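**Q** Sequence and predicted structure, then a few things I'm wondering about:
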Amino acid sequence: MSDEIMHWYRSKVDWWLALILCMPPIASASVCFSFVRMPNPTALAWAAGSVLFVLGIYFGLVFPMKYGLDDTYLLLRFGLCRKRIRLTDVTEVYPTHNPLSSPALSLDRLHIQFGEGLLKAVMISPADRDRFLDDLAGKTGLTRQGERLVRL
């Protein structure tokens, strides 16, 4: 990573997605607590394992979800995963509501193209979208046209 200061942007979170994301931990914790009253240690171990499994997935792939921007890179952080995109490779940014899997907790997304093809694109959902677009435009040399960034 470069020596410049990284400015971080949190992901926007849709209320309905937050509700869906709350269900697996609550359900597995409820099962675990119900097994605490039973004298069956095997059932309790399986229930505790399910809680740890759900938490492992969430903290391994989802939380924290944020986007970093410095003078050289756009850094996507989602759980333990990180993806670095050179700002010089970014060719276009436009709004989308595409539901395909992406490091975003909202369907109010920005599609960022950084090369040719589907694998050279990512969708993110910064909470402070206007500030993110202004900062990204300034660092990439792209021109802002409403909620789009294009190279002229």
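**A** Great, that's in hand. All values derive from a computational prediction rather than experimental measurement.

**Q** Tell me who's in contact with Glu92.
**A** Residues near Glu92 by Cβ atoms under 8 Å, 6 or more residues apart in numbering: His111, Ile112, Gln113, Leu142, Arg148, Leu149, Val150, Arg151. C-beta coordinates here come from the backbone N, C-alpha and C atoms, glycine included.

**Q** surely the fifth one meets Thr96?
**A** No: with contact taken as Cβ atoms under 8 Å, Arg148 and Thr96 are classed as non-touching, separated by 10.7 Å.

**Q** Might one say that Arg151 is in contact with Gly141?
**A** Yes: at 7.4 Å, Arg151 counts as touching Gly141 under the criterion of Cβ under 8 Å.

**Q** would TSV of the contacts of Glu92 with neighbour count, pLDDT and distance to Lys120 be doable?
**A** Below are these laid out as TSV (neighbours: other Cβ atoms under 10 Å; pLDDT from 0 to 100; distance: Cβ to Cβ, whole Å):
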residue	neighbour count	pLDDT	distance to Lys120
His111	17	97	11
Ile112	25	97	10
Gln113	17	96	7
Leu142	20	96	16
Arg148	16	96	18
Leu149	23	96	16
Val150	13	93	16
Arg151	10	86	15
